[in-house]
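Visitor: Below are the sequence and a predicted model for it; my questions follow.
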Amino acid sequence: MKNLLKKILPPIFFDFYYSSKSYIHYYKYKKYFLKNSGFKASMNDQRCFIVGSGNSINDVDLELLKNENLIFLNSFLHHDKYSDLIKSNRGKKFHVFTPLHAFKNKKILENYIDEFKNPILKNVTCFFGIDDFSTNYIKEFRKKNLEIHDTSYYVYCTKKLDENKALAPNDFELSKNIWSPKTSSNLALQIAIYMNFKEIYLIGIDHDYMNTKNVANIKVIKKGTLVEDEKDQWRAHLKDGKIDQTLFLKDLIPVIKPMEMIEKEFPGRVKNLSKRSFFYCHDQIDISDLEFK
């Protein structure tokens with residue numbers, strides 16, 4: 001039915017429909033989004049490390065990072081070093097989770113939400129992406145009577161990225177509607193820029209997790225609901241027992257394009273410490289070139 005309507009109705013109808021839907025969702029949870037304004041330019045002249053769960057983090061001595069400002073992504077919650085890294089009294093610690101998406105069944109969604117019962121999350125400031133999907137973290141946390149709002153913030157992100165326009169300040173305004181992120185790395189980078197970190201370093205942000213011959217090698221972190229979901233995605237990319245690399249690379253385009261636009265607007269501000277990354281828009285440097293606290 002949806003495909004039929006797209007053939008019959010003019011595009012302007014769908015533009016109006018989606019903009020109206022976003023407007024309603026934003027105002028429904030507006031009080032949560034407005035809280036984000038307190039983070040604006042809150043980290044001036046400082047540096048941060050955005051830490052993903054790609055296999056390249058095995059190349060880094062994570063102990064070096066414990067006194068730094070850190071922004072963790074999604075499944076890093078399950079990393080063996082997570083507890084040690086967030087308990088340091090030096091440096092701010094944040095964790096970014098992308099908006100909920102359609103899991104295969106309700107049980108998978110429940111398992112994922114249950115992971116947020118982990119009391120260790122009280123030691124970090126969490127950012128949860130919210131979009132127009134039929135469910136979201138706020139609704140699911142309420143269902144489970146899971147109150148982590150004191151240390152959590154919610155970012156509304158449904159804005160369509162316009163590649164033909166120059167970036168504007170509102171593209172990073174966390175109290176409003178920002179770009180819809182393809183991955184947690186996109187969302188974390190927008191948050192880091194809003195906080196005005198002077199230097200932003202990417203660690204373990206490889207985006208090569210589908211480009212492997214063995215499902216066991218998808219991520220360095222082997223547990224967690226999202227990792228299991230990614231394994232299912234990997235299997236879906238298989239064709240005659242091999243990864244369909246064309247499909248995989250096509251999926252990466254919406255991830256890489258925002259990175260390229262950010263590099264153009266803020267040249268040299270973001271640097272990549274991963275030697276396995278699919279991102280070449282940022283300068284790649286060696287962690288041994290940095291001094292640590």
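Guide: In hand now; what should we look at?

Visitor: contacts, neighbours, all on C-alpha from now
Guide: Will do.

Visitor: so what's the residue nearest the centre of the chain up against?
Guide: Nearest residue to the geometric centre of the chain (C-alpha atoms, centre = their mean): residue 184, 1.0 Å. If you count contacts by C-alpha atoms under 8 Å, 6 or more residues apart in numbering, residue 184 has them with 73-74, 96-98.

Visitor: what's the distance between residue 160 and residue 57?
Guide: 31 Å (C-alpha to C-alpha, to the nearest Å).

Visitor: Tell me if residue 135 really is in a strand.
Guide: No: under the criterion used here (DSSP: H, G, I helix; E, B strand; the rest coil), residue 135 is coil, not part of a strand.

Visitor: quick one: the helices in the protein?
Guide: Ranges of helices in the chain, per DSSP state H, are 2-8, 11-28, 30-34, 82-86, 106-114, 137-143, 184-194, 225-236, 245-265.

Visitor: Just put those in TSV and tack on distance to residue 62 and mean pLDDT.
Guide: Output for the helices of the chain, formatted as TSV (distance: least, C-alpha to C-alpha, whole Å; pLDDT from 0 to 100):
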stretch	distance to residue 62	mean pLDDT
helix 2-8	47	52
helix 11-28	38	63
helix 30-34	32	93
helix 82-86	8	93
helix 106-114	26	90
helix 137-143	29	91
helix 184-194	18	96
helix 225-236	21	86
helix 245-265	24	88
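
Visitor: Kindly reformat those helices as JSON lines containing distance to residue 92.
Guide: Formatted as JSON lines, the helices of the chain follow (distance: least, C-alpha to C-alpha, whole Å):
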{"stretch": "helix 2-8", "distance to residue 92": "45"}
{"stretch": "helix 11-28", "distance to residue 92": "28"}
{"stretch": "helix 30-34", "distance to residue 92": "20"}
{"stretch": "helix 82-86", "distance to residue 92": "8"}
{"stretch": "helix 106-114", "distance to residue 92": "24"}
{"stretch": "helix 137-143", "distance to residue 92": "23"}
{"stretch": "helix 184-194", "distance to residue 92": "12"}
{"stretch": "helix 225-236", "distance to residue 92": "25"}
{"stretch": "helix 245-265", "distance to residue 92": "23"}
